[in-house]
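**Q** Provide a 3D model corresponding to the input given below.
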Amino acid sequence: MRRVEHVMGMPVSLQLPDLPTAGALAEEAFGWLRHVDAVFSTYREDSEVSRLNRGEIRSPGPEVAAVLDRCADLWRQTDGYFDVYATGRLDPSGYVKGWAVQVASDRLVAGGAADHFLNAGGDLCARGRAAPGAGWRVGVQHPFEPDGVAWVLEVTDRAVATSGRYARGNHIIDPRTGRPATALASVTVLGPELGTADAYATAAFAMGEAGLGWLARLDGHPSAVITTDGRAYRSDDLPVA
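**A** Numbers count the residues shown, from 1 in each chain. Alright, predicted model coming up:
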């Protein structure tokens, strides 16, 4: 079963095995993502995050508070380069998308869909197997070739997150300068949990070339980077197909 829905400002695709409950599981997953968008979107005026930014509410609800606590942990882990206030206002999007997709994926597994592929604009959870004995093949988009891939990965029970400038322009801010980070063109990070992998990719991108050394010191998070001037790097443990 395959289903695609535009949610959280991007196409989200889900591939599930042909289970009797597949339709209900898919609807639950997309319903959760729609809920996250309603609460956390910085583009919806009625979201809780937008209302916090306008000062209409002073304290976040439990769901937003838990996410902001995790973002504070990530701020410390990344030496301040993952900063939900980097743009001058609250924007936890660099964690929320990955976290939301991970929660949806975990619920699919709990519902009996141990093998599935959930992709939100290039950030994805690949669970179980695509076929007996075979992992999921993931193409990482090339930042300079719209129809090309930089790497093809084969993953099982992995999250894959990519931050880059090719889709949204210079949208990642270096919180230490307040200016867009432009030294890197693409950063891909793999890990066991998508919210963290997404935040790590964002932080490394914000660091610029210093992010290469920082990524190399991460345990259990293979990575791949393409610089703005076209140099390509990948960690030895990147699961290239």
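**Q** tell me how far the ends of stretch 173-184 are from each other?
**A** 12 Å (CA to CA, to the nearest Å).
**Q** just use 50 as the starting number from now, easier for me
**A** Will do, 50 is the new start, and the previous item becomes stretch 222-233.
**Q** Mind listing what's buried along it?
**A** Using 16 or more other CB atoms under 10 Å as the test for burial, stretch 222-233 gives Ile222, Asp223, Pro224, Ala230, Ala232, Leu233. Where you see a C-beta, it was placed from the backbone N, CA and C, and this is true even at glycine.
**Q** ok, now stretch 86-105?
**A** By 16+ other CB under 10 Å, the buried positions in stretch 86-105 come out as Asp86, Val88, Phe89, Ser90, Thr91, Ser96, Glu97, Val98, Ser99, Leu101, Asn102.
**Q** what would these look like in a markdown table with pLDDT, distance to Ala163 and secondary structure?
**A** Below are the buried residues of stretch 86-105 laid out as a markdown table (pLDDT from 0 to 100; distance: CB to CB, whole Å; DSSP: H, G, I helix; E, B strand; the rest coil):
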| residue | pLDDT | distance to Ala163 | secondary structure |
| --- | --- | --- | --- |
| Asp86 | 98 | 26 | helix |
| Val88 | 98 | 28 | helix |
| Phe89 | 98 | 28 | helix |
| Ser90 | 97 | 31 | coil |
| Thr91 | 96 | 34 | coil |
| Ser96 | 98 | 33 | coil |
| Glu97 | 98 | 33 | helix |
| Val98 | 98 | 33 | helix |
| Ser99 | 98 | 37 | helix |
| Leu101 | 97 | 37 | helix |
| Asn102 | 97 | 39 | helix |
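**Q** Hmm, Ala175 is touching Glu203, no?
**A** No - applying CB atoms under 8 Å as the test, Ala175 and Glu203 come out as separate, 9.2 Å apart.
**Q** Please compare these two by neighbour count and tell me which comes out ahead.
**A** Per other CB atoms under 10 Å, whichever of Ala175 and Glu203 has more neighbours is Ala175, with 26 against 15.
**Q** Residues in contact with the biggest strand by length in the chain: which ones?
**A** In the chain, with assignment by DSSP state E, the single longest strand is strand 194-204. Strand 194-204 is touched from outside by 175, 183-192, 209, 215, 235, 237, 239, 273, 275, 281, 283, 287-290, with contacts defined as CB atoms under 8 Å, 6 or more residues apart in numbering.
**Q** what about stretch 128-139, how long is it end to end?
**A** Stretch 128-139 has its terminal residues 18 Å apart, counting by CA to CA.
**Q** which stretches of this structure have low pLDDT?
**A** Flagging of the chain using pLDDT under 70 yields the residue ranges 216.
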